[in-house]
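coords below, sequence missing:
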């Protein structure tokens, strides 16, 4: 009888120990998968802002026709780097959905306040400072053009209506993205309801219908469908794709890592090729190809980032974590720096016979400078936004 009791007690402890270690093992695996997913997300976001800065540098800074090879290389890099902007629509939907699902007590009023404090307030501050500096520089040096920096321009930028006012586009062409992403933030709650009630595939179907119907309607009424006058509806499908990825990653923390495989990379190459073929062989292919571009850039980027993370050390991972963290400030700052600081100082660049190669080098220098400036701006801006958040909470509550 005593042996039986000892045996039962031993079995109990063995069962308890096995259960404990299995749960611990599952927790560690989930934590490791989440860390890998976070590292992948940070690296692809950092790569995206890096590419966007290079794209705008090569797009705006004048380049003379030097060696054909260098000129072609610069043009190719400019084009490919420009497609990285689609990653931000996907990553925005991904991040918002993942944050919503991970929050046990989600509040829409708090969410709206945080979006204003973290997104809208820094944007308004930098736009206003840029407007004032451009007009002051014009007074000091008339060579600095302030034609596009009128009071109406400031108003349309601050009210997120600049895409409807073409005279304001030259003030900062890089900011066409802001009215679009704010519009997608407004659409996020109803899109989330569709995702929860109807599932990801129906959300994607509805989003595709909204996107392509809005583009087709704009074409029918002769509304331009380029980036500068873009509407949020043009990018709903990319944003919703990010939302579906966010839901899948919440259910399976290793989901993003599963997409970073060679088979997915091959699919990404095929999707990117389809996008290229549409622009080359179809009259309206450049209007309807964004989804293929977005899928291609995402899958190619995930695979490339995974390879780099596996080969690089922890310092590289930490560098891209920091780059990802500063990506929004880098986006807000790089346009004014290129347009109103770099271009006036680099007019002599046009006379250099190898200036396409030199411009690529300067683009990397620009990325580094914008990154450092963003780090310097992050602390005071973060301090101001936190104080603003506290004030808003007190006023609203």
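That came through fine. Being a predicted model, the structure only gives us computed values, none of them experimental.

In the protein, where is pLDDT below threshold?
1-34, 36, 64-68, 142-146, 348-354, 382-383, 385-386, 388-397 (pLDDT under 70).

Can you give me the distance of the residue nearest the centre of it to residue 53?
In the chain, the centroid-proximal residue (CA atoms, centre = their mean) is residue 88; its distance is 2.3 Å. For residue 88, the distance to residue 53 equals 13 Å [CB to CB, to the nearest Å]. Any C-beta I mention is one placed from the backbone N, CA and C, and that applies to glycine too.

same check, this time on residue 314
According to CB to CB, residue 314 stands 25 Å off from residue 53.

Which one's more surrounded, those two?
Higher neighbour count among residue 314 and residue 53: residue 53, with 29 against 7, using other CB atoms under 10 Å.

ok, the more buried one - contacts?
By CB atoms under 8 Å, 6 or more residues apart in numbering, the contact list for residue 53 reads 330, 334, 363, 366-367, 370.

Can you tell me which of the residues you listed is closest to residue 111?
The nearest member of the contacts of residue 53 to residue 111, counting by CB to CB, is residue 330 at 24.0 Å.

ok, that closest one - contacts?
By CB under 8 Å, 6+ apart, the neighbours of residue 330 are 49, 53, 323, 370-371, 374.

Same check on residue 297?
83-84, 86-87, 268, 272.

for it, phi and psi?
Per-residue torsions, residue 297: phi -60, psi -40 (degrees, to the nearest 10).

Next, work out how far apart it and residue 364 are.
For residue 297 relative to residue 364 (CB to CB), the value is 20 Å.

again, but for residue 73
From residue 73 to residue 364 the distance is 14 Å (CB to CB).

Grab the nearest non-local neighbour of residue 71.
Among residues not flanking residue 71 along the chain, residue 356 sits closest, at 4.8 Å (CB to CB, 6 or more residues apart in numbering).

Count residues in the vicinity of that neighbour, would you?
Residues within reach of residue 356, counting by other CB under 10 Å, total 24.

ok, residue 328 - contacts?
118-119, 122.

And it, its phi and psi?
Here residue 328 shows phi and psi, under degrees, to the nearest 10, equal to phi -70, psi -40.

Export the contacts of residue 297 as CSV, with columns for secondary structure.
Shown next, in CSV, are the contacts of residue 297 (DSSP: H, G, I helix; E, B strand; the rest coil):
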residue, secondary structure
83, coil
84, coil
86, helix
87, helix
268, helix
272, helix
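
What is the nearest of those residues to residue 211?
When the contacts of residue 297 are compared for distance to residue 211 (CB to CB), residue 86 wins out at 12.6 Å.

Go ahead and confirm that closest one touches residue 294.
Yes: counting by CB atoms under 8 Å, residue 86 touches residue 294, with 3.8 Å between them.

Give me the common contacts of those two.
Common neighbours of residue 86 and residue 294 (criterion: CB under 8 Å, 6+ apart): residue 238.

what helix or strand does the residue nearest to the centre of the chain sit in?
Assigned by DSSP states H and E, residue 88 falls within helix 85-102.

who's in contact with that helix?
41, 44-45, 48, 52, 55, 106, 111, 177, 181, 184-185, 188, 192, 195, 235, 238-247, 249-250, 290, 293-294, 297-298, 301.

Give me the buried positions along that helix.
Residues of helix 85-102 classed as buried by neighbour count (16 or more other CB atoms under 10 Å): 85-94, 96-98, 100-101.

tally of neighbours for residue 38?
Using other CB under 10 Å, residue 38 has 15 other residues around it.

Likewise for residue 104?
Neighbours of residue 104 using other CB under 10 Å come to 5.

Quick check: residue 167 vs residue 211, distance?
Taking CB to CB, one finds residue 167 at 28 Å from residue 211.

Of those two, which one has the most company?
Between residue 167 and residue 211, counted using other CB under 10 Å, the more crowded position is residue 211 (23 against 13).

Thank you kindly, that will do.
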